[in-house]
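> I need the structure of the sequence given here:
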Amino acid sequence: MNAFQGPLALSLCCTLCFPMGYAQQAPQDPPVKTSRPNYKSTQLQGDDRILHALNRFTFGPRPGDLEAVRDLGQGNAGLDKWFDQQLHPASIDQADLNARLAQFPEMQWNTGDLLYRLPSNGEIRQAIDGKVPIPAAGTLRAIYQNQIYRIQARKAVQGQKNAPAQVNSLPPANAPARMQLASDGTMMSVDSSASPTMNSPSGTAANTGSMGAPAQASGQVPGQMDMNAPQPADAEPRFDQFSITRILALDPQERVARLAAMQPEEFDSFIKSLKPAQRVTLNTGLNPLLKLTVAALENPERLVADDLISQRLTRDIYSKAQLQEVMTDFWLNHFNVYLRKNEQMPYYLVGYERDTIRPRSLGKFEDLLEAVAHSPAMLAYLDNAQSMGPGSLAAVRAAMAAARRPGAKKQAPEGLNENYARELMELHTLGVNGGYTQADVTQVARVLTGWTIDRPVIDAQFSFNPNRHEPGTKKVLRKKIKDNGEMEGRELLHMLASNPATAHFISSKLAIRFVSDDPPQPLVDRMAKCYMSSGGDIAVVLKTLFRSPEFWSSTAYRAKVKTPLEFVVSAARAGNADIQNMMPLANNLRQMGMPVYGAIPPTGYDWKSSSWVSTGALVDRMNFALSLAANRLPGIVINWMPLPDLASAESDTAPTPESEEARIEPIIIAGGATESTRTAALQQFEAQSAQNNAQDNSSVHPVATALRQLRAPTTSAIEKQDQVLAGLLIGSPDFQRR
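Predicted coordinates:
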């Protein structure tokens, strides 16, 4: 979509670049001169107070949230009760959320099951090399076969590019023979003349079991390919539409069984031949496990990564325990791990988010810090799993082995890795000015040698390897840590978690996230004092923030700019969107520069507005807002029309842009928009509507494009109008702030 260059975009950029306090948002009448000025509180009151809490401690209010907090009690009592509920997420009914999360069943599996049942490319390569067994039969075997074929095919193609003279790696498309996987994982040529083609409707489905317990094929030896399965006619077969229609017409269980029975190249050809509408039909009627099977047959590693992101966005949008999700996001950014560090990382991150971060997001910081330090995700991301003490038994043995082979090819020796040690102090605990030195970094790295991952490609569990641990006493921050194996690390983590510098660093980051980009130092000091007195209890520190006058200052109201994640999630929540496919949201976050789990450096993403406010970035936001509101994102539906019983059936007056804006505005911008935003949105709508009517095919303006693309017979003129107005309001300066 082309860049949004209208007056609203300019207003958006200028307003976000030059923030104003709540008291400055609307023009004020000149003060009346009296002998004694009237007192005016600087603290937020009434609904503004509730809305401020909802904007800071959640991913944005949904329709009805304001009223729900009001109903909990009079005055501040209801808000206090709501906040206490948010601090105890286990007490909140999450039936609706759990129903949505049921579409991601594998997100409840442990890392070993994920790696086995949805193998990574690393696991597949080990299967090719004979280091891990290929499942004997059933759907799980088909998943492995498909991935082995793809890896071997890519390798063969790459080999042809590197050595053009070698033409026998893969047959041409019209060759009479096709490539088949042998039991040892190599490619071999097989005569296909006696095999049924994929265009034949007589192909028999294999006996497929569940992904966790594949059925045993009769007479089949484990580790061998089923040569009786349907075979394609050539190396690059193509499905005709008749065959596709026959397969899609099967009942769900038979449909998936038919796909699992296909040979790898046949399956890939089938998937590539599907039209967009047929892709939808393919999954129609499938339960979550059957959908999972189809996706795993196509690409299990991508499935894990996509569902990891999708379930995270599902929680952010639909969870009623919003503070827990906001804090989970906070800690995942604080203890950042990059999704694409290696092929296993998506698998590690499932347990990292589910078992390490979320359950401890409102607990003691030391418990969280220790859990992160033991996490395979962090150990792999910051390379501590490869760290080895220079004086350890493993290092001595390696040196002796190298000495016995003086003529052997020299390999880069493993040694001490300081990456995690440095970030542990600089980013996770003490902060860059926390009083440590480079010598402390080296000593911390020595303490943490031996903290590694057992079977990283197969099971990926934390393991302490004493042979790799550096012996002897270490000295960190002028304190001695005696030689004590793994317990040295636990002592170190306690020392760091209970350090006053850590208290200030964590308190400052929380204040930046919840209060302002430049939080008042007295507030940070009080939060740090509370951290120390409570033993690093995050819930207690948040209570101190919640009760602080700085948080409730009227100048803090709508003073923070939303990050892309906050913007996208809050837009979906404000529209009460029904989302069956989270990937369009993930794709837009990538476009906006904030992909989920996509921060490469360990610093994570910046919470401050300076990182996110630019003309180009705000254009992307406006384009997303228009697409979301107009239901142009696949699998996402928002209904902006009022419910039938709320519509005024007695009025003969047709809705106008002004009346519809007035109706939609409080839905999207809880508390209402400023007059400047309201005027700019209406002017932009009218200008582009006129241009669209006059030059139907010439304009490429996003709003005009939105109007043109909403001509489906089921979309009325009023609905089109509402969708564009809603998009303009979502992209407005007032919605961009929280």
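
> switch to C-alpha atoms for all contacts and neighbour counts from now on
OK.

> just the endpoints, please. Distance across stretch 424-442?
Start to finish, the residues bounding stretch 424-442 are 12 Å apart (C-alpha to C-alpha, to the nearest Å).

> which residues are contacting that stretch?
334-335, 369, 418, 421-422, 475-477, 496-497, 499, 501-502, 505-506, 602-603 (C-alpha atoms under 8 Å, 6 or more residues apart in numbering).

> now, those that are in helices?
334, 369, 421-422, 496-497, 501-502, 505-506 (DSSP state H).

> thinking again about what came up before, pull out the buried members of the contacts of stretch 424-442.
334-335, 369, 418, 421-422, 475-476, 496-497, 499, 501-502, 505-506, 602-603 (16 or more other C-alpha atoms under 10 Å).

> quick one: list the elements packing against the host helix or strand of L140.
L140 is located in helix 138-162, with elements delineated by DSSP states H and E. Helix 138-162 is packed against helix 121-128, helix 252-261, helix 264-273, helix 288-298, with contacts defined by 3 or more C-alpha pairs under 8 Å, 6 or more residues apart in numbering; DSSP states H and E.

> and S387, which of these is closest to it?
S387 lies closest, by C-alpha to C-alpha, to one member of these: helix 121-128, at 21.2 Å.

> got the angle for that closest one vs helix 138-162?
Here helix 121-128 points in a direction 90 degrees away from that of helix 138-162 (axes from the mean of the first three to the mean of the last three C-alpha atoms, to 10 degrees).

> what comes into contact with helix 121-128?
115-116, 132-134, 144, 147-148, 151, 184-186, 301, 343-344, 457-458.

> before we move on, the earlier item: ok, so of the ones in helices among the contacts of stretch 424-442, who is nearest D578?
H334 (30.4 Å).

> got the contact list for the closest one?
For H334, the contact set (C-alpha under 8 Å, 6+ apart) comprises 427-428, 603-604.

> V350 now?
Per C-alpha under 8 Å, 6+ apart, neighbours of V350: 107, 111, 308.

> hang on, it in a strand?
No - under DSSP: H, G, I helix; E, B strand; the rest coil, V350 falls outside any strand and is assigned helix.

> could you check how far it is from S361?
In terms of C-alpha to C-alpha, V350 sits 16 Å off from S361.

> kindly report the same for L323.
Taking C-alpha to C-alpha, one finds L323 at 9 Å from S361.

> likewise K474?
Taking C-alpha to C-alpha, one finds K474 at 31 Å from S361.

> which of those two has more residues huddled nearby?
S361 (24 against 20; other C-alpha atoms under 10 Å).

> for the more buried one, give me its contacts.
324, 327-328, 331, 368, 538.

> would you format those as TSV with pLDDT included?
As requested, those are exported to TSV (pLDDT from 0 to 100):
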residue	pLDDT
Q324	98
M327	98
T328	98
W331	98
L368	98
I538	98
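
> domain ranges for the chain?
For the chain, the structural domains run 7-19+561-736, 111-304, 305-399+418-556, going by automatic domain parsing.

> still on that earlier bit, just among the contacts of H334, which is most surrounded?
Neighbour counts for those peak at H428, which has 24 neighbours (criterion: other C-alpha under 10 Å).

> and it, how far from Q241?
56 Å.

> so where do the helices sit in the stretch 1-150 of the chain?
All helices of the stretch 1-150 of the chain, identified by DSSP state H, counting those that start in this stretch, fall at 7-17, 46-57, 65-70, 76-86, 95-101, 111-117, 121-128, 138-162.

> would you mind giving the ones you listed as JSON lines with mean pLDDT added?
Converted to JSON lines, the helices of the stretch 1-150 of the chain look like this (pLDDT from 0 to 100):
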{"stretch": "helix 7-17", "mean pLDDT": "56"}
{"stretch": "helix 46-57", "mean pLDDT": "95"}
{"stretch": "helix 65-70", "mean pLDDT": "95"}
{"stretch": "helix 76-86", "mean pLDDT": "96"}
{"stretch": "helix 95-101", "mean pLDDT": "97"}
{"stretch": "helix 111-117", "mean pLDDT": "96"}
{"stretch": "helix 121-128", "mean pLDDT": "94"}
{"stretch": "helix 138-162", "mean pLDDT": "91"}
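
> which stretch among the ones you listed comes nearest V637?
Of the helices of the stretch 1-150 of the chain, nearest to V637 by C-alpha to C-alpha is helix 95-101, at 15.3 Å.

> check which helices and strands that closest one sits against.
Short answer (3+ C-alpha pairs under 8 Å, 6+ apart): helix 95-101 packs on helix 300-318.

> and the helix it packs on with helix 121-128, angle?
150 degrees.

> got a list of contacts for helix 300-318?
Identification of contacts with helix 300-318 by C-alpha under 8 Å, 6+ apart yields 59, 96-97, 100-101, 104, 107, 118-121, 143, 295-296, 322, 325-326, 339, 343, 346-347, 349-350, 569-570, 572-573, 581-583, 586, 596-597.

> that one vs helix 288-298, what angle?
Using the same axes, to 10 degrees: helix 300-318 against helix 288-298 is 140 degrees.

> got the contact list for G415?
386-390, 395.

> repeat that for 6 Å
387-388, 390 (C-alpha atoms under 6 Å, 6 or more residues apart in numbering).

> tell me the buried residues within the residues you listed.
Judged by 16+ other C-alpha under 10 Å, buried ones among these: 387-388, 390.

> make a markdown table from the domains of the chain and add distance to L51 to it.
What follows is the domains of the chain, written out as a markdown table (distance: least, C-alpha to C-alpha, whole Å):
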| stretch | distance to L51 |
| --- | --- |
| domain 7-19+561-736 | 7 |
| domain 111-304 | 36 |
| domain 305-399+418-556 | 11 |
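
> of all those, which one is nearest G78?
That would be, of these and by C-alpha to C-alpha, domain 305-399+418-556, which comes in at 13.9 Å.

> span of that closest one from start to end?
37 Å.

> that one: how far from the chain's middle?
Here the centre of domain 305-399+418-556 is set off from its chain's centre by 19 Å, with C-alpha atoms, centre = their mean, to the nearest Å.

> cheers, nothing more for now.
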